[in-house]
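In: 3D model of this:
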Amino acid sequence: TMAHHFDPHSYHVKQINASNYAASANFITSTSWQHTLTGLELINEDEEPFIATIVGHASAYHLRCGPAGNHFGGGMSPLEKAKFQFYICHPVNVELGADFTAGVNNLETLQNQVGKTKE
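Out: Numbers count the residues shown, from 1 in each chain. Predicted coordinates:
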């Protein structure tokens, strides 16, 4: 069998124009904020909840991706409430590193849009 090799440049080229890719120039303009019963929600042009993709390097810091996630066995909450979480940081690859920085900047822009509303 042939081993799969990740090609950072091909990934960048494939993703950069996708409206849900955080580094995309279309990222901000393809979303809007909508009021819901639980607060504000980011939606796409079809008025569906917006799901974004961002590139990053998974950090070993507080990595909680095992079978039990962040579950604490002390009886605080049931296993089904566990979250599987990880931190991402700047990728080593220059092109993907630029995508990471652009993506974080775009996410901060979206967050600032909400922080400035008077509602």
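
In: what residues sit buried inside the strand or helix carrying Val104?
Out: Secondary structure from DSSP states H and E places Val104 in helix 94-115. Residues of helix 94-115 classed as buried: 95-97, 99-100, 102-104, 106, 110 (neighbour count, 16 or more other C-beta atoms under 10 Å). C-beta here means a position set from N, CA and C on the backbone, and glycine is covered the same way.

In: which residues of this protein fall in strands?
Out: Ranges of strands within the chain are 32-36, 39-43, 57-58, 88-89, based on DSSP state E.

In: just to revisit the earlier point, who touches the helix holding Val104?
Out: Residues outside helix 94-115 that contact it (C-beta atoms under 8 Å, 6 or more residues apart in numbering) are 8-9, 11-12, 15-16, 21-24, 27-28, 31, 33, 40, 42, 52, 54-56, 88, 90-91.

In: which of the residues you listed are buried, as a ChimeraX select command?
Out: Buried residues within these, by 16+ other C-beta under 10 Å, are selected in ChimeraX with:
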select :8,12,15,21,22,23,24,27,28,31,33,42,52,54,55,56,91
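
In: of the contacts of helix 94-115, which belong to helices?
Out: In this view, these that belong to helices under DSSP state H are 8-9, 11-12, 15.

In: report the contact partners of the closest residue to Ala18 other than its chain neighbours.
Out: Leaving out its chain neighbours, the residue that sits closest to Ala18 by C-beta to C-beta, 6 or more residues apart in numbering is Ser24, at 5.9 Å. Ser24 makes contacts with 15-18, 106, as judged by C-beta under 8 Å, 6+ apart.

In: coming back round to it: in CSV: the buried residues of helix 94-115, plus distance to Ala3 and pLDDT.
Out: Listed next are the buried residues of helix 94-115 as CSV, based on distance: C-beta to C-beta, whole Å; pLDDT from 0 to 100:
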residue, distance to Ala3, pLDDT
Glu95, 22, 96
Leu96, 20, 96
Gly97, 24, 96
Asp99, 24, 96
Phe100, 25, 95
Ala102, 30, 96
Gly103, 28, 94
Val104, 31, 94
Asn106, 34, 93
Leu110, 38, 90
